[in-house]
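*Asks:* when you get a sec, could you give me coordinates for this:
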Amino acid sequence: MKRWLLLQIGRAGLAAWATASLVFILSRLLAAGAEEALLGEAPDLQTRTVASSPVARQALQQRLGLDEPVFYVTRTSRDPAAWRWHGPHNQYHRWLAGLLRGQLGWSYRTGQPIGPQLRAAFAYTLPLAVLAAAGATVAALGLGLALASGGPASGGWRAALHLALTSLQGIPVYALALGLLFVFANPDALNLLPAYSLGANPADLTPAAYALQLIMPVLTLVLAVLPELALPLAAALRHELRADYATTARAKGVPAARLLRHHALPNALLPLLTSFANLLPTLLAGTVLVESVFSLPGMGRLLAEAAAAHDYPVVVAGVLVTAGVRLLCLALADVLYALADPRIRLAL
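*Replies:* Okay, the predicted model is just below:
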């Protein structure tokens, strides 16, 4: 088991590295946009003209590390069939060597290391995603059991609940966020929660202010993923209740609640373990819109602003972290499969 787990983590790390490498090379091929964005930040036209001179542009490329070849080999411009070997003197080798030392690079905009920026952003994003994942899991289990239980007399409220979840599934994340703002942070409505970010560092906030600040973002993410978890779970539970073992259990007098929770639920969860394990990276991706709407200085907002400003090193670091989390969660799903059903053998 330990050997298999280490192998899965290694595979996830290699896949994350390959994804980040591809994004890195593509970003360097588009680095001209970053140069133009930085040169265009001059306050007036005269300064901008001086800044865009060949000498200034060359100095900017040296500062950003763009004066070297992108990869180990490049094709010469004069002869399309000729390739030139650059050895370790290239941008990718420098980035990879820094990554092995735990350095994610430096931001184009600020010139500061990316690691502290990501850690500060994760101080908001990780609690947000974890709380939303826990809330969505608990709510999905409760709603799935509620939709699958009950007799003909409860068909009315179950149909209404199913309709509500189906309707919720078609609402975009930003619409949910704006709707919650309109209801709970509107002076003309309930006006119970703050509509803006209270600070850039959670350590600077009181626990009460931090909790109030996270209520609407967490609720938005929970509502966004809840139908995708609860509806398949309810369908799987109803399928299990029609199985032969469920009919035999009823004939033996097993109570309906016990049959549903102790017999049908473990079997119904098995096909959905991948969805539950993939919940955290899905929520990390969903924080891009949520943090922008609620003005939270988290990772999603950081990556959105970096992409808009052509700050490619920050984007590459964010892709690396997100891909690593997603792949590790998929490996966790395989472990959960083995724990939930001993008949599943882990292939090495």
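*Asks:* what's the helix or strand hosting residue 223 packed up against?
*Replies:* Using DSSP states H and E, residue 223 maps to helix 207-241. With contacts taken as 3 or more C-beta pairs under 8 Å, 6 or more residues apart in numbering; DSSP states H and E, helix 207-241 sits against helix 114-148, helix 155-169, helix 173-184, helix 265-269, helix 273-277, helix 279-293. The way it works is simple: take the backbone N, C-alpha and C, and place the C-beta from them, glycine included.
*Asks:* and of these, who's closest to residue 227?
*Replies:* Checking those against residue 227 by C-beta to C-beta gives helix 155-169 as the closest, at 3.8 Å.
*Asks:* still on that earlier bit, how about the helix or strand following the helix holding residue 223: buried residues?
*Replies:* The element immediately downstream of helix 207-241 (helix or strand, assigned by DSSP H and E) is helix 244-251. The neighbour-count check on helix 244-251 (16 or more other C-beta atoms under 10 Å) flags 246, 249 as buried.
*Asks:* residues in contact with helix 244-251?
*Replies:* Helix 244-251 is contacted from outside by 240, 256, 259, 263-264, using C-beta atoms under 8 Å, 6 or more residues apart in numbering.
*Asks:* over to stretch 218-235?
*Replies:* Contacts of stretch 218-235 (C-beta under 8 Å, 6+ apart): 128-129, 131-132, 135-137, 139-141, 143-144, 147-148, 162, 165-166, 168-169, 171, 173, 176-177, 180, 268-269, 272, 275-276, 279, 282-283, 286-287, 290, 293.
*Asks:* could you do stretch 10-18 as well?
*Replies:* Against stretch 10-18 from outside (C-beta under 8 Å, 6+ apart): 320, 323-324, 327-328, 330-331.
*Asks:* which ones among the residues you listed lie within helices?
*Replies:* 320, 323-324, 327-328, 330-331 (DSSP state H).
*Asks:* one step back: quick one, the helix holding residue 223 and helix 244-251 angle?
*Replies:* Here the directions of helix 207-241 and helix 244-251 differ by 90 degrees (axes from the mean of the first three to the mean of the last three C-alpha atoms, to 10 degrees).
*Asks:* ok, and for helix 207-241, which residues are buried?
*Replies:* For helix 207-241, the neighbour count (16+ other C-beta under 10 Å) marks 210, 213-214, 216-234, 236-237, 240-241 as buried.
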